[in-house]
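Participant: how would this look folded up:
(chains A and B)
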Amino acid sequence: MDTNAAAKTKRPLSQRTSAAAAMRKNATATTPHQNLRIAVIVEPDADGERLIRELQRLRCEVRHIWPIPPQLPVDCDLVFCTLVEDMPKRIPWLPGEPEAGLVLVDRGVSNLDLKLIHNCAAHGVLHYPVVQRAVQTCVALAREHFLYERRLRNRIDKLDENLRTMRLVERAKSLLVRVKNVSEEEAYNYLRRQAMERRVTIGAVANAIIDSHELLS
Amino acid sequence: MTSSCKTSEPWRVGVLFSQSGYMSVIEETQLRGTLTAIDEINDSGGINGRPIEPIIYDPGSDSRNYGLLAKKLMVEDGCSTIFGCYTSSSRKAVLPVVERLNGLLWYPTLYEGFEFSSNVIYTGATPNQNSVQLCRILMELYGTRFYFVGSDYIYPRESNRIMRELIRNNGGSVVGESYVRLGADRNSFVPIMREIRQVQPDVIFSTVVGNTTTYLYQAYADLGIDPRVMPIASLTTTEAEIRAMGYDVGDGHLTAASYFQGVGNDRNATFIDRYKKRYGEDEPTNMCLEASYFQVNVFAKTLAETNSMDTSMIRQSVMGSEFDAPQGEVSINPVWGHADLWTRIGRANRSGQFDIVFESPSSVKADPYLIGYGRCLEYS
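Facilitator: Numbers count the residues shown, from 1 in each chain, chains lettered A, B, ... in the order given. Reported below is the predicted structural model:
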């Protein structure tokens, strides 16, 4: 940080700019989850208020809801919700297809029900009393797991799609080899060129070739 | 559910088949197949002295309900194993639930393949166990020009994709293709029949499912076409649908299936006898019913060994498992979690039964991704 005005005017421009940049970088590093939309569904008691405050300190966009609604909101990135016995019924998505990250809030009043926690398919648990470190790590880990899960599911969907496309391209290639009397390599080159020129996927080109061959013969 | 040494607490399992709506004709038979097996097992003393208790819900032919009810079964009813589903859409609705909560769905229905899940045991036929032989037989017996008609959802579209490949790679052609919505009425088939009469295919390949099947075959019969010359060939029309449409309407058309009631072995005779005693002399068996029946038996055999409902334990134990089913000896292929099944082609007759026109010499190994069938499905 700057010491006095005289020192400040003597420092070269490049140093001052990089110092400011470092300050901005540090500022973002302490709140990596700013603007995350978080619904907080807890009783507004001492711990509840503390939780809301901690999340606000992280620069998250906090929405407090109480009492627990029949269905948890889906228009947010993360939901903190007090664990109740009928929690699975209140979760609007099916296990395996979450629409938001879910952190269960355990007030510590009743017996720990691990089966219930399993059935909620949550991304994390926060125990009362509220501790700043725990809140921060909960947010970070829940968000990370939710996003990773989504990436994995997208990967599986993509793999399935790719398999279908591969068989399609294989057929189109065989067709080209037969009809245009070219080698396999030339057929692939042709498919790729068409896809590039028309700015569509190679699967779309393969589909078109197969369809038109059918129509014409 | 964890194991217990001395208890007569029942083993709770979920059952999800539609008893109402347009899928009820066939799924009702799968429910019966499931219950027949459970009753037989309980009558013989249950598994390790404990009876199987089925928790049965009716999803009412709505795919979304299968997902919701699978969640209910697993979360509220404590069932980690579920027997259920016919349509691929209903299976896909259940998939995320059993995968996330580590349950096990036993799926007793033919489907389009190209799927694998560690949380599903597949006991119905995939394309290499039905489509491949069906295409060959049809082209041998009837000709090379095919017309496709199917219900409009993923299974018929995917099956047609594969069938088209098979046909084209062996010198045939697809001269027309129509889809009707699930739960369509008989009027939907009028324009289709008109087109068929115009185009004159050698074979009508049908992947119409559910109660709608009746309308297709009846529309065909109304046109007065001869099934000996231009048959409807199907992967999905079973004894149950033939019964619904009328034996005279079904007469002469073909189906590819792992099992027909007419399969001639002792095991099947006993099975049919038991089934008729319970449900009536007039009640036919079919491939979906038979799969529902044998899969419960495979489950029971496995559970007797693991003495635990833990999904990972059951799955590990069931891989490679063999069972003497009414269709013949079947096994759960350890590479895919799909069953090695028999392939048969049958022609429906005037008594609502199928005469077996082709039978594979042994069970056909599961290959849901068609890895062993060449990059573009060519066969000699």
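Participant: tell me the phi and psi of whichever residue of chain A sits closest to chain B?
Facilitator: Across chain A, no residue is closer to chain B than residue A:96, which sits at 2.8 Å (CB to the nearest CB). Backbone N, C-alpha and C define where each C-beta goes, glycine included. Note on residue A:96: its backbone torsions stand at phi 100, psi -20 [degrees, to the nearest 10].
Participant: ok, now which ones touch it?
Facilitator: A:121, B:95, B:96, B:97, B:99, B:100, B:101 (CB atoms under 8 Å, 6 or more residues apart in numbering or on different chains).
Participant: and of these, the nearest to residue B:183?
Facilitator: Residue B:183 lies nearest to residue B:95 out of the contacts of residue A:96, by CB to CB, at 22.7 Å.
Participant: residue B:312 and residue A:176: what is the separation?
Facilitator: 47 Å (CB to CB, to the nearest Å).
Participant: more neighbours, the two?
Facilitator: residue A:176 (22 against 12; other CB atoms under 10 Å in any protein chain shown).
Participant: one step back: pick the one among the contacts of residue A:96 closest to residue B:125.
Facilitator: residue B:95 (19.1 Å).
Participant: okay, now the closest one: neighbour count?
Facilitator: That count, for residue B:95 with other CB under 10 Å as the rule, works out to 23.
Participant: for the helix or strand harbouring residue A:144, the distance to its chain's centre please.
Facilitator: Under the criterion of DSSP states H and E, residue A:144 resides in helix A:132-179. Taking CA atoms, centre = their mean, to the nearest Å, the mean C-alpha location of helix A:132-179 is offset from the chain mean by 13 Å.
Participant: by contact count, what packs against that helix?
Facilitator: In terms of contacts (3 or more CB pairs under 8 Å, 6 or more residues apart in numbering or on different chains; DSSP states H and E), helix A:132-179 is packed against helix A:46-57, strand A:78-82, strand A:101-106, strand A:124-127, helix A:184-198, helix A:202-216, helix B:154-169.
Participant: closest to residue B:72 out of the ones you listed?
Facilitator: strand A:101-106 (18.7 Å).
Participant: residues making contact with the helix or strand just after the closest one?
Facilitator: Using DSSP H and E, the helix or strand that directly follows strand A:101-106 along the chain is helix A:114-120. Residues outside helix A:114-120 that contact it (CB under 8 Å, 6+ apart): A:83, A:85, A:87, A:88, A:91, A:95, A:102, A:104, A:125, B:74, B:75, B:101.
Participant: chain B contacts on chain A?
Facilitator: With CB under 8 Å from any CB of the partner chain as the criterion, chain A meets chain B at residues A:88, A:94-97, A:118-119, A:121, A:160, A:163-164, A:167, A:170-171, A:174, A:214, A:217.
Participant: so where's chain A uncertain?
Facilitator: For chain A, the stretches with pLDDT under 70 are A:1-30, A:217.
Participant: quick one: secondary structure of whichever residue of the stretch 51-200 of chain B sits closest to chain A?
Facilitator: In the stretch 51-200 of chain B, the residue that lies nearest chain A is residue B:96 (2.8 Å; CB to the nearest CB). Following DSSP: H, G, I helix; E, B strand; the rest coil, we place residue B:96 in the helix state.
Participant: relative to residue B:43, how far out is the nearest residue in space to it that is not next to it in sequence?
Facilitator: Once flanking residues are discounted, residue B:96 sits nearest to residue A:96: 2.8 Å by CB to CB, 6 or more residues apart in numbering or on different chains. Using CB to CB, residue A:96 is found at 37 Å from residue B:43.
Participant: before we move on, what about residue B:157?
Facilitator: With CB to CB as the criterion, residue B:157 and residue B:43 are 43 Å apart.
Participant: out of those two, which sits in the busier spot?
Facilitator: Using other CB under 10 Å, the more surrounded residue of residue B:157 and residue B:43 is residue B:157, with 17 against 9.
Participant: the nearest residue to the more buried one once chain neighbours are set aside bridge partners, please.
Facilitator: Closest residue to residue B:157 in three dimensions, ignoring its sequence neighbours and counting by CB to CB, 6+ apart: residue B:150, at 7.1 Å. Under DSSP bridges, the beta-bridge partners of residue B:150 are residue B:179, residue B:207.
Participant: what about residue B:279, how many neighbours?
Facilitator: Count around residue B:279 with other CB under 10 Å applied: 15.
Participant: hang on, residue B:330 in a strand?
Facilitator: Yes. Applying three-state DSSP, one finds residue B:330 inside a strand.
Participant: neighbours of it, just the number please.
Facilitator: 25.
Participant: now swap in residue B:185 and tell me
Facilitator: 11.
Participant: need the contact list for it.
Facilitator: residue B:215.
Participant: and if you look at residue B:183?
Facilitator: If you count contacts by CB under 8 Å, 6+ apart, residue B:183 has them with B:21, B:22, B:61, B:210, B:211, B:212.
Participant: for those residues, which one is nearest residue B:130?
Facilitator: Of all those, residue B:130 sits closest to residue B:210, with 18.2 Å by CB to CB.
Participant: hmm, residue B:23 and that closest one touching each other?
Facilitator: Yes. If you go by CB atoms under 8 Å, residue B:210 and residue B:23 touch, sitting 4.9 Å apart.
Participant: shared neighbours, those two?
Facilitator: Contacts common to residue B:210 and residue B:23, judged by CB under 8 Å, 6+ apart, are residue B:61.
Participant: between the two, who's got more neighbours?
Facilitator: When residue B:210 and residue B:23 are compared for neighbours, residue B:23 comes out ahead with 27 against 23, by other CB under 10 Å.
Participant: for chain A, see how far away that one is.
Facilitator: Using CB to the nearest CB, to the nearest Å, residue B:23 is found at 20 Å from chain A.
Participant: now residue B:14
Facilitator: Relative to chain A, and taking CB to the nearest CB, residue B:14 is found at 14 Å.
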